[in-house]
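# give me a 3D structure for the following:
(chains A, B, C and D, ligands or ions: 12)
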There are 4 protein chains.
Amino acid sequence: MCGIFGVRGTPRAAALTHLGLYSLQHRGQESAGIAAVDEAGAAHGVKRMGLVSDGLADSDMHALRGSLAIGHTRYSTAGSSSIENAQPVLARSRGGHIALAHNGNLTNATELRFELEEGGSIFQSSMDSEVIVHRIARSSAPTPEARVAEALEGVEGAYCLLVAIGDTLIAARDPRGWRPLEMGDLDGAVVFASETCGLDIVGARYVREVEPGEIVVVDGDGVRSLRPFPPRELRRCVFEHVYFARPDSSIFGGSVDRARRALGRRLARESPAPGADFVFSVPDSSNSAALGFAEEAGIPFELALIRNHYVGRTFIQPSQGDRDWKVKVKYNAVRELLDGRSVVMVDDSIVRGTTTKGLVAMVRAAGAREVHMRVSSSPVTGPCYYGIDTPTREELIAANNTVDEIAAHIGVDSLGYLSLDGMLESVPTGPQGFCHACFSGDYPTPPPTDPDKLRFGCGC
Amino acid sequence: MCGIFGVRGTPRAAALTHLGLYSLQHRGQESAGIAAVDEAGAAHGVKRMGLVSDGLADSDMHALRGSLAIGHTRYSTAGSSSIENAQPVLARSRGGHIALAHNGNLTNATELRFELEEGGSIFQSSMDSEVIVHRIARSSAPTPEARVAEALEGVEGAYCLLVAIGDTLIAARDPRGWRPLEMGDLDGAVVFASETCGLDIVGARYVREVEPGEIVVVDGDGVRSLRPFPPRELRRCVFEHVYFARPDSSIFGGSVDRARRALGRRLARESPAPGADFVFSVPDSSNSAALGFAEEAGIPFELALIRNHYVGRTFIQPSQGDRDWKVKVKYNAVRELLDGRSVVMVDDSIVRGTTTKGLVAMVRAAGAREVHMRVSSSPVTGPCYYGIDTPTREELIAANNTVDEIAAHIGVDSLGYLSLDGMLESVPTGPQGFCHACFSGDYPTPPPTDPDKLRFGCGC
Amino acid sequence: MCGIFGVRGTPRAAALTHLGLYSLQHRGQESAGIAAVDEAGAAHGVKRMGLVSDGLADSDMHALRGSLAIGHTRYSTAGSSSIENAQPVLARSRGGHIALAHNGNLTNATELRFELEEGGSIFQSSMDSEVIVHRIARSSAPTPEARVAEALEGVEGAYCLLVAIGDTLIAARDPRGWRPLEMGDLDGAVVFASETCGLDIVGARYVREVEPGEIVVVDGDGVRSLRPFPPRELRRCVFEHVYFARPDSSIFGGSVDRARRALGRRLARESPAPGADFVFSVPDSSNSAALGFAEEAGIPFELALIRNHYVGRTFIQPSQGDRDWKVKVKYNAVRELLDGRSVVMVDDSIVRGTTTKGLVAMVRAAGAREVHMRVSSSPVTGPCYYGIDTPTREELIAANNTVDEIAAHIGVDSLGYLSLDGMLESVPTGPQGFCHACFSGDYPTPPPTDPDKLRFGCGC
Amino acid sequence: MCGIFGVRGTPRAAALTHLGLYSLQHRGQESAGIAAVDEAGAAHGVKRMGLVSDGLADSDMHALRGSLAIGHTRYSTAGSSSIENAQPVLARSRGGHIALAHNGNLTNATELRFELEEGGSIFQSSMDSEVIVHRIARSSAPTPEARVAEALEGVEGAYCLLVAIGDTLIAARDPRGWRPLEMGDLDGAVVFASETCGLDIVGARYVREVEPGEIVVVDGDGVRSLRPFPPRELRRCVFEHVYFARPDSSIFGGSVDRARRALGRRLARESPAPGADFVFSVPDSSNSAALGFAEEAGIPFELALIRNHYVGRTFIQPSQGDRDWKVKVKYNAVRELLDGRSVVMVDDSIVRGTTTKGLVAMVRAAGAREVHMRVSSSPVTGPCYYGIDTPTREELIAANNTVDEIAAHIGVDSLGYLSLDGMLESVPTGPQGFCHACFSGDYPTPPPTDPDKLRFGCGC
Ligand SMILES: Nc1ncnc2c1ncn2[C@@H]1O[C@H](COP(=O)(O)OP(=O)(O)O)[C@@H](O)[C@H]1O
Ligand SMILES: Nc1ncnc2c1ncn2[C@@H]1O[C@H](COP(=O)(O)OP(=O)(O)O)[C@@H](O)[C@H]1O
Ligand SMILES: Nc1ncnc2c1ncn2[C@@H]1O[C@H](COP(=O)(O)OP(=O)(O)O)[C@@H](O)[C@H]1O
Ligand SMILES: Nc1ncnc2c1ncn2[C@@H]1O[C@H](COP(=O)(O)OP(=O)(O)O)[C@@H](O)[C@H]1O
Ligand code: SF4
Ligand code: SF4
Ligand code: SF4
Ligand code: SF4
Ligand SMILES: [Mg+2]
Ligand SMILES: [Mg+2]
Ligand SMILES: [Mg+2]
Ligand SMILES: [Mg+2]
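Ligands and ions are numbered 1, 2, ... in the order given. Below you'll find the predicted structure:
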């Protein structure tokens, strides 16, 4: 997964993009990059591995002049972690520069790539995003937006794009609208961000979302909109509301915090935990849902699990014997609250089950008498092909076990998931028009040709 | 401020110390260090600037053999930030090694230092802790514990110490007990940590606190206790409960989460906010207090401010005009919740008032109709001489302004602090035996000779 | 300028390439890179800024498996210094990998690039070498060597190439033979290096040079040779013998040390310095020439200038007033030798004249009575378009001044250059078949379209 | 071994010290440091591992204000390589600062240290230099110079010191004068450097050497001299002339280049190589001696071994089988010169014999018919206790083998060392007053109590 940000129309473009990336850091922590287009139409880029705050230095920013900039934060996926795969992609073509930032995952990238390679194109990264840059370069359409439109024809899967071609900034979102892309205004400058928290941090006023299938063009003539593709059935990712987006954001036209509150309340109705003493969340993503559960169930809400926010991403294993040390470094249970109590633990989802199992053990070690686990989404039974980095089916605990088996495995007294309907009906603007493939198996596209081997890494 | 951790009696000593430091990271993020004593009684040390996770590498750990180790995380104080001031202090003396980790601040360090310099001692750092090492080295008492006891005679102010002398581990806490120091047991190994969350992370069982004025000796003969100093009136730091310690910890014999809950409830009684729509906290330190306020007041609790936990400590200023960008990088307000509402914002304390002012502006920009600020401690009117890094009196907003003036300055509709009695009565084992000097002006010691100029940096 | 190295046929391929790059470090210190092709035909690459010894770590080497590897050291040219421009270029094309290392400079890169961009190619670096990779990718010829041959058709200028396509290693040298490329054998493995010192360091036996216009193919069937291009008049760079190559190397079929000795001897005949007390060199490149001069002239040879070899490439200017500090950091004069003496200072060339001027001042400050400068090449009057990074004509002192003016400017008592004939007749296998354009103005090609602005940096 | 530099009396003090350290880099490459004393008498220091050019950044220099500065480059010795052992030592004592840089090795450091530890001193490094700082701190003599004099009483062994106490700069050299310390003048500012090349680089005029047993004081009143110690027999290190100092330096009142020339000429007389075709050196330290040999013997001098100066200090071993790769990375032989010839190889000394053996093999592999090795010093038969880092007796090839055995081991046709008398008579101002203990076994002091174990690392 990734976060993208772009702005056109202010001399502070790169600095604002840098600020914007801070707020999109939860969407990707592997690498961060910014490209800016100077007065002469030349693009300059800076990319670094790691966090925005680690990676991009003051001195880097000096290189990024001009009133148009785009930025990208990249999610960590095993194997493809290298600076070649950092974005924005920067390329020269037909005498001009193209810079591109992409959130999402194409499903026919392999086919498109073969086609391009047959035509003599070379690939210097393992990102599917490079495919789009090649296609833009190959288009001889007369305007930047026409080149982008032509390039995207036949491209399948999920994409939100920010593209700088010369001094034109183009935003594009695939017709199914898998990923969010929000648009704002800052004293006349046009701002785009994956989530509204990116608009907030720069002080931009929310305008509207870039619509599914829309291409928004920002240049010297102002803002224009294209809709070159035939409409498709809407498939906005429900997991953005459940887990991925930040609760202070609004995406797909609805508040994430309100969505999570509603998921928690519905969960309390679908799967109550009558005798429990209190409810607590697995911080931070489940806080709103746990509050919603507590509210609906009329049970107190407690902060019984504390998350250590100072922990970085490199750990040194303390000893062979201690299997749960990763969980212990990240979380701690509050004995004073848990000792002797019957409790409800709310999390947004269970993927492999390993962390959950460790958390339950920790909560029991702190004295909890009964642990009732409630999950504010449906069981995850399949991988995501549309930009969220989920493990293979083999590793997904709910793909291979009944709810009872999972309960036994993670060691809880009871386990309740939200129903598919419950989940979809809780998100704002639902239940229609959402992707729920990883929960329901109802994939709107065939799987990528060789999703595990042929895709050149996560392109998002 | 600092965090200290120590363990004796397990071959995993350094690895456990490393793990322990992760959990004490909130007590200091400037530098981290570990010293371990090998079989031959030789101490080896590793210190790095930055976080535990950044600083100490796998390869460092290989150098740290032996069954006794102590560690330290150091708080960032302007000016004295350099590797020379990282701890543990490691020194050779009388043919043996001394390693020392210190949390607290001595109030007569300048005098002691002059005395030592007159006797020909040299100082290679600006830490008051180095004074104690010199005094241990100068003692010719027959046992390690007698050397430490002799060294501490006449030392005034706040200290929790972990000292390794040869293969003896010594823990010491000053007679007024300003800072917490907790003791645990891990399969026979003795563990010390500033807070119980340090015991939890390594899986140690809580035993008791090191008592004010106590010296605990751990060596081949087991665990012994000394009480060489005349008793003093107890002065445990109330600010540890209010702000500094982690809510999952137990310190001074009481739960921090419970203390904060109680502070919040008392605050709701002392300073209600009748017509408010909901309560929210300034995360993370005020979450428990805000929940307590909501509970007592019968008003809903919302997550209306979101904190960006991925932000590091280096920022690049985006533009001259934007004065609140530091606040914006760290926090964001949830418009969907705040728009048009009358709200109660709970924070643990107001120091300079700058962050608070920025937060109030942010909350108003998100549409809040009325902002009622409630603070779960009394006004901070003076500096701390006992180990917490507060600014000078000139910078403390409550030292120079009435509550009304502060309310006007930060821009709230109403402002309520907790009373001194309310604060002290809310913390467990209170109201007696707590230091509240920075709130009340009732300092139990004279100020350090020249606290601003002569102290050689914060020694904690 | 750059150094290239390649080997096929040994499991130690990457390690040998790494070793080989050490010996080619004088040909480029800006960046270093290695690409290796594993058993499955997949290429893996590692590139770093800086020296081979700084840049490439042990851990990097583990990633470089397989029995075919190529490497590159890159020369520092202002402006284009970035990791994107490090080589080998690594690309995927038609399902396979291409890795390419290039020494030289193309003269029609701009035209070729426009053509490629018209065809939809994108460029991700500013190197002319990327043009060749694109052309290889676009060729649909049936064999790797045919693809390379087709790609090079119409490519003008200087190139020595090492290309890995799948498990085929291809070496190519342009028909004029500007740059050297030597071939060796190591227990059956085929080795290529820019100079024979690269064969020596890995213990390879010298076989022959790759000939001008030749394409050498090494694959499972052994070694084959192609000569697909019409022959051109030979233009081996005389400056390689004069300055660039290492004296322990043999290039273009002749020893560099012997060439420099001969240049020095001829210089002594053409431009003697009758009454001088002794001769000394500007180390290191002029040592052989100075020895030759001393020998021929029958004057003693002294080490009157010492070069500080521990100096890195970053200096801190000590003060505004001191204009010659860069020279002083790099060289020092030996007063005991120079004081009161009349001396001959031999250098290989004078480019801008700044360093020479500083050296003369230093030698005079050490007491030299008379300084007679002798240069073992002709005056440099024009830029090089074929891979050596010379300044623009404006900066070349000999392009704009007579010998007498130069002598006055640098402050010597007499100045003697070698004649063009003298220079060419001294190099082994000369005087025919050498490029001397930067000395004589006799350029064998038109200048690149926009050598200063349009070339995308030094591609060598 | 180490290099030291100091200057008082110019606002450019730290910048000049930085420049001076560049020229003393050959005396130590492990770490570099500078301390400067500001107007208020406060010392600020910067130390880094590695070369001067790597380690000390522009930003560091900004911290080093004031008109008095001292600097230090430290030699790499196994085991004690850590930042704690970098110099200058910086300490506060009796309200003031002491900064100290030391070249040499004390022989009674262990005893002095025990004494100090008994008196309660603590040691924070493993350097013997720290002993001197403690002793200065303990002295209550009235002036800085008297404190230094008192501190040095009873200190045995080799030391050249630069000490800053407040704004007084003190230079001291032990009565036997083992190490050089030269004094210069730069427009009224007083400059000290281990070798005159340090004066040259900053443009200082050579004044005289600091004499054995002398303490030179530079303060606001000018320059004064003390001679507080009873005279001792002079023992200047002959190895400084043979190998350590730079040939452009003058030390102990004589030119190093001239000394090495004379050593080479004497060697040619003592140990001729009649039928040889030519002479060559093992660069760089043997260049002057080889020239002297060639001159005296009337045989040509050739550059038959080339040293790669771009090689850093970290190597990656290319393969198990290749034992001589370290030699190959550093040197290469010139086949065109060596093939079929009978040659004389001159080196300054043979220590372990491993490098020499590898070089001989390389020279033979390049075709040399006969290799006659000539060494411009006597056989090294014992360790140095006075500051040069030699291996233990067990590792010294000449301590355990006859000349014939060594010849056989390294694989030469003949081997000739210089006689002790020949060596001493060749150095300027010799043969009296030189230390030759490591050659002759005539140690002027008893060995340090436990030179291998108790000394806390190399203190120089
Ligand atoms: N400060 C915050 N408060 C609440 N939720 C947050 C906060 N920051 C990020 N989030 C949400 O939490 C998600 C990350 O989940 P979290 O449980 O914190 O970590 P993990 O990925 O380890 O489960 C983010 O994608 C976002 O939705
Ligand atoms: N995960 C957590 N949840 C709640 N409180 C925390 C957590 N981690 C640390 N704390 C508390 O918060 C304090 C830090 O306060 P916080 O408000 O987060 O930052 P700031 O110092 O910027 O105000 C810590 O000292 C500790 O008491
Ligand atoms: N050890 C050496 N001895 C003699 N010549 C060398 C050596 N190493 C490199 N060279 C030659 O010196 C050239 C570099 O020239 P040099 O004068 O040392 O530096 P500069 O580039 O500063 O003039 C190399 O290209 C090579 O020809
Ligand atoms: N540029 C130079 N030319 C000649 N001698 C040098 C030069 N630089 C340093 N030296 C001398 O060479 C010594 C280092 O010896 P050298 O043979 O170069 O390396 P090694 O220590 O590997 O034998 C220095 O201590 C100094 O005496
Ligand atoms: S498969 Fe799941 S994670 Fe992926 S887009 Fe659909 S709902 Fe979202
Ligand atoms: S002065 Fe305040 S912060 Fe310091 S110890 Fe006392 S209560 Fe705690
Ligand atoms: S122009 Fe000069 S440097 Fe360039 S190739 Fe020709 S001779 Fe060599
Ligand atoms: S023992 Fe050898 S190296 Fe040491 S000081 Fe004496 S002569 Fe010099
Ligand atoms: Mg989570
Ligand atoms: Mg806070
Ligand atoms: Mg040169
Ligand atoms: Mg040598």
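
# where does residue A:385 land in three-state SS?
coil (DSSP: H, G, I helix; E, B strand; the rest coil).

# so what's it scoring on pLDDT?
On pLDDT, residue A:385 comes in at 95.

# in the stretch 251-400 of chain A, which spans are strands?
Counting by DSSP state E, counting those that start in this stretch, the stretch 251-400 of chain A has strands at residues A:254-255, A:278-281, A:305-307, A:331-333, A:342-347, A:370-375.

# does stretch A:115-124 reach chain C?
Yes: legend: contact between stretch A:115-124 and chain C by CB under 8 Å from any CB of the partner chain is shown at A:117, A:118, A:119, A:120, A:121, A:122, A:123, A:124. Backbone N, C-alpha and C define where each C-beta goes, glycine included.

# nearest to residue C:187, out of the strands of the stretch 251-400 of chain A?
Proximity to residue C:187 (CB to CB) singles out strand A:331-333 among the strands of the stretch 251-400 of chain A, at 57.5 Å.

# hmm, the closest one in reach of ligand 1?
No: using CB under 6 Å from any ligand atom, strand A:331-333 never reaches ligand 1; the gap is at least 9.4 Å.

# and that strand, which strands flank it?
strand A:305-307 (antiparallel) (DSSP bridges).

# which SS class is residue A:407?
helix.

# so it sits right up against residue A:416, yeah?
No: contact between residue A:407 and residue A:416 fails when scored by CB atoms under 8 Å: they sit 9.3 Å apart.

# and those two? Which one has more around it.
residue A:416 (21 against 18; other CB atoms under 10 Å in any protein chain shown).

# which residues touch the nearest residue to that one once chain neighbours are set aside?
Distance criterion CB to CB, 6 or more residues apart in numbering or on different chains; nearest residue to residue A:416, sequence neighbours excluded, is residue A:271 at 2.9 Å. Shown in contact with residue A:271 (CB atoms under 8 Å, 6 or more residues apart in numbering or on different chains): A:374, A:416, A:417, A:418.

# near chain B, which residues of the stretch 51-200 of chain A show up?
Counting by CB under 8 Å from any CB, the stretch 51-200 of chain A comes close to chain B at A:51, A:52, A:53, A:54, A:56, A:57, A:58, A:61, A:197, A:200.

# on that earlier part again, wait, which of the contacts of residue A:271 is closest to residue B:437?
Closest approach between the contacts of residue A:271 and residue B:437, by CB to CB: residue A:374, at 45.9 Å.

# that closest one bridge partners, please.
With DSSP bridges as the rule, residue A:374 is bridged to residue A:346, residue A:416.

# what is the three-state secondary structure of whichever residue of the stretch 1-150 of chain A sits closest to ligand 1?
The minimum distance from the stretch 1-150 of chain A to ligand 1, using CB to the nearest ligand atom, falls at residue A:26 (4.2 Å). When classified by three-state DSSP, residue A:26 comes out as helix.

# not counting its neighbours along the chain, what's nearest it?
residue A:246 (5.7 Å).

# tell me the pLDDT of residue A:302.
Residue A:302 is given a pLDDT of 98.

# how many residues are close by it?
By the criterion of other CB under 10 Å, residue A:302 has 24 neighbours.

# quickly list what the residue lying closest to residue A:365 once chain neighbours are set aside is bridged to.
Nearest non-adjacent residue to residue A:365, counting by CB to CB, 6+ apart: residue A:333, 7.1 Å away. Beta-bridge partners of residue A:333, counted by DSSP bridges, are residue A:305.
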